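J.: here is a sequence together with a model predicted from it:
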Amino acid sequence: MSPRTLSEKIWDAHVVHKGVEEPDLVFIDLHLIHEVTSPQAFDGLRLAGRKVRHPELTLATADHNVPTTDIDKPVADPISAKQLDVLDANTAEFGIICYPMGHKNQGIVHIMGPEQGYTQPGMTIVCGDSHTSTHGAFGALAFGIGTSEVEHVLATQTLPQLPVKTMAVEVQGSLPRGVSAKDLVLAIIGKLGTGGGIGHIIEYRGEAIRGLSMEGRMTVCNMSIEAGARAGLIAPDETTFAYVKGRDHAPKGEDWDKAVEYWKTLVTDDDAVFDTVVTLDASTLVPAVTWGTNPGQVAFIDSVVPGPDDFTTASEKDAAARALEYMGLTAGTPMREIKVDTVFIGSCTNGRIEDIRAAAAVLEGHRVADGMRALMVPGSHRVKEQAEAEGLDKIFTAAGFEWREPGCSMCLAMNPDKLSVGERSASTSNRNFEGRQGRGGRTHLVSPAVAAATAVKGYFAAPEDL
Amino acid sequence: MKPVTIITGRAVPLDRSDVDTDQIIPSDWLKRVERTGFGAGLFGEWRDDRDFVLNKSEYQGANILIAGENFGTGSSREHAVWALTDYGFEAVISPRFADIFRNNSTKQGLLPVVVEPAVGARLLEEVAKDPSLEITIDVAQGTLEVPALGLTIEFPLDEFTRARFLNGWDDIGLSLRYEDEIESFEQSRPRFMPSTR
């Protein structure tokens, strides 16, 4: 057999029907569901009189809409409440396990899967959510789908897939102290642009990637979509196996040995060729801060806001001018002189325990700046419990942060956690689109450590500034 | 979906790159559990500006959208496609589409027409100058024609997607042709794979 990349190996292992002048039909090992992109898919099944083919390979949770306060009371927004009720009803009707708001296993769908051991190397995983690429951190082929495809997977447990190109992002060197996986992925997106990964599956490789924890790898893979990539993945290794071992749904006993034996084959062959190769030196990186209205518009903490003149094409110049106007920024302003109103720590990008620890380490012994609104929203109930067991919640509340219940929250402002018009945030989430965190809100994407330092200073800051 | 063969009509020039799905349909609209009625939310925040191109009288009734590159980036929300079709668009022209948006649009009969950047820029300019300009898109031929400009170009579309547009085929039905193969694949899956049971 000719040499293959990791993603090609996983793809080949899941082809149900090899397409001739049509897409390959690919089997899906795990289908994650949430309340926003599934209701119309279940309606479609009912209309066509179809069943869910594999309810046991389907798992649901409520995350996008859920409030992060008063979760023991009815959801105040009647439209959100209805959508959550519809998820409960649909999953009950079709025999799918669902973790509703407040359940000990509930959380952001991409945090819940890995922490319960559902996400494993070599799997195909889909969800009606573009950040499904998160699961690629385990060496799984994981990608976001639309509602028609959600219905397709519910009905058939397969998806027709046209061939995708492969891209290697090689990150040499190691990350300097104080520079995190978030800074690294923002630098990668800055290099590729929002469209650079379109039509590709990215495999992240190199010393800096190997050196990341599973949580850091998830942060990197999570934002693959922000470079336009179909998926992003990292070959599994001892770090991966150690993370998976012992989790609720991980293989046990003899099955574990068989699984690991297989997982060890999930590497790109030495002679395999990627369609595109991009390289980056991790050792030169500093903390990243986005300045514009897409994640490719990224700068660094020690730089200034760029202007249209810093770009070459007419379309980039135009986009920069439009972004500066929306963001209320002037080209040439040092990042450290931009005043911030709200800090949000959380999301499927940075809502895991290591993110909370990183922010807590910066915050300990400090208070947030006067007038600063600061939210810490753990990614799941398990993450929240773990953080509380470590006493981290006390550090946040002592610093003036609000310690909230889990959910997607201010990442996309479908629940009451929103920015108001003109309000500026430092956010550990994944998108700085216009209005993403609330109509007229101005979002800057940062790492948890930078978010924490910024909350204290009131202006963008790195931990060493405190 | 309904078969789509020929699309003829006027176009709206949306001269912006990286139009993300949060702009196409803001997240507030995602709370709805229906598949219809999203047209009112299309470009919700931009439409508050009276001068936004979609609000201009000369572009009312247009059924083709022309945009800059990287159209439909961001979220996987199919609601973005539902908003465009509910508003009345039948095709979007752009030099580059985000993958998930493109997939979603082909499931709903909204034709993604990929053109060279220079062609895209010219179309934006010409339609801005003359909103009455008529465009014809032929799915079977894979051509886009603007007779008044003497312009005919070919656009790429894989044969499977083309056939689905022309015949209005249901994707799920197509996959279930291989139900026997799905069953035998299911039998061969390793025992260690996770399950909720």
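T.: Structure's in. What do you need? Numbering: from 1, shown residues only, chains lettered A, B, ... in the order given.
J.: for the longest strand seen in chain A, packing partners?
T.: Criterion DSSP state E: the longest strand present in chain A is strand A:165-172. Helices and strands touching strand A:165-172, by 3 or more C-beta pairs under 8 Å, 6 or more residues apart in numbering or on different chains; DSSP states H and E, are helix A:181-192, strand A:200-205, helix A:207-210, strand A:276-281. C-beta: built from backbone N, CA, C; applies to glycine.
J.: tell me the contacts of A:Ala62?
T.: Neighbour list for A:Ala62: A:34-35, A:84, A:87, A:98-101, A:106, A:407 [criterion: C-beta atoms under 8 Å, 6 or more residues apart in numbering or on different chains].
J.: wouldn't A:Val446 be in contact with A:Ala452 here?
T.: No - using C-beta atoms under 8 Å, A:Val446 is not in contact with A:Ala452, being 9.5 Å away.
J.: need the contact list for A:Asn115.
T.: For residue A:115 the amino acid is Glu, not Asn. Neighbours of A:Glu115 in contact, by C-beta under 8 Å, 6+ apart: A:107, A:247, A:380, A:382-383.
J.: list the contacts for A:Ile97?
T.: Per C-beta under 8 Å, 6+ apart, neighbours of A:Ile97: A:55, A:58-60, A:91, B:196.
J.: make TSV out of the residues you listed and add pLDDT.
T.: As requested, the contacts of A:Ile97 are arranged in TSV below (pLDDT from 0 to 100):
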residue	pLDDT
A:Pro55	98
A:Thr58	98
A:Leu59	98
A:Ala60	98
A:Thr91	98
B:Thr196	96
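J.: which one of these sits closest to A:Glu149?
T.: A:Glu149 lies nearest to A:Thr58 out of the contacts of A:Ile97, by C-beta to C-beta, at 13.6 Å.
J.: A:Asp183 - nearest residue in space that isn't next to it in sequence?
T.: A:Ala288 (4.5 Å; C-beta to C-beta, 6 or more residues apart in numbering or on different chains).
J.: the one you found reaches A:Ser180, doesn't it?
T.: No - assessed by C-beta under 8 Å, A:Ala288 is found out of contact with A:Ser180, at 9.2 Å.
J.: shared neighbours of these two, anything?
T.: Common neighbours of A:Ala288 and A:Ser180, counting by C-beta under 8 Å, 6+ apart, are A:Ser447.
J.: confidence score at residue 130?
T.: Unless you meant another one, I'm taking chain A. What the model reports for A:Ser130 is a pLDDT of 97.
J.: try again with chain B
T.: On the pLDDT scale, B:Asp130 gets 98.
J.: one more: B:Phe101?
T.: You'll see B:Phe101 listed with a pLDDT of 98.
J.: next: A:Ala314.
T.: In this model, A:Ala314 carries a pLDDT of 89.
J.: quick one: it from chain B, how far?
T.: Remark: distance between A:Ala314 and chain B (C-beta to the nearest C-beta, to the nearest Å) = 8 Å.
J.: and that residue, how many neighbours?
T.: By the criterion of other C-beta atoms under 10 Å in any protein chain shown, A:Ala314 has 11 neighbours.
J.: do a quick rundown of the helices in chain B.
T.: Listed in chain order, the helices of chain B (DSSP state H) span B:21-24, B:79-87, B:99-107, B:117-129, B:159-167, B:171-175, B:179-188.
J.: tabulate the ones you listed (JSON lines), appending mean neighbour count and distance to chain A.
T.: Output for the helices of chain B, formatted as JSON lines (neighbours: other C-beta atoms under 10 Å in any protein chain shown; distance: least, C-beta to the nearest C-beta, whole Å):
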{"stretch": "helix B:21-24", "mean neighbour count": "26", "distance to chain A": "4"}
{"stretch": "helix B:79-87", "mean neighbour count": "25", "distance to chain A": "7"}
{"stretch": "helix B:99-107", "mean neighbour count": "25", "distance to chain A": "4"}
{"stretch": "helix B:117-129", "mean neighbour count": "17", "distance to chain A": "8"}
{"stretch": "helix B:159-167", "mean neighbour count": "17", "distance to chain A": "4"}
{"stretch": "helix B:171-175", "mean neighbour count": "18", "distance to chain A": "5"}
{"stretch": "helix B:179-188", "mean neighbour count": "12", "distance to chain A": "5"}
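J.: residues in contact with the residue nearest to B:Thr161 when sequence neighbours are not counted?
T.: Among residues not flanking B:Thr161 along the chain, B:Thr106 sits closest, at 5.3 Å (C-beta to C-beta, 6+ apart). Residues near B:Thr106 by C-beta under 8 Å, 6+ apart: B:112, B:161, B:164-165.
J.: same question for A:Arg382.
T.: Counting by C-beta under 8 Å, 6+ apart, A:Arg382 makes contact with A:104-105, A:107, A:115-116.
J.: is it fair to say it lies in a strand?
T.: No - read with DSSP: H, G, I helix; E, B strand; the rest coil, A:Arg382 is helix and lies in no strand.
J.: that one and chain B, how far apart?
T.: Note on A:Arg382: its distance to chain B, by C-beta to the nearest C-beta, is 17 Å.
J.: what does A:Glu226 give?
T.: 8 Å.
J.: in a helix, that residue, correct?
T.: Yes - under three-state DSSP, A:Glu226 sits within a helix.
J.: for it, give me the pLDDT.
T.: pLDDT for A:Glu226: 98.
J.: leaving out the residues flanking it, which one is nearest to it?
T.: When the adjacent residues along the chain are set aside, A:Glu226 lies closest to A:Pro295, with 4.0 Å between them (C-beta to C-beta, 6+ apart).
J.: A helix includes that neighbour, no?
T.: No - according to three-state DSSP, A:Pro295 belongs to no helix; its state is coil.
J.: so what's it up against?
T.: Under the criterion of C-beta under 8 Å, 6+ apart, the neighbours of A:Pro295 are A:186, A:189, A:194, A:223, A:226-227, A:430-432, A:445.
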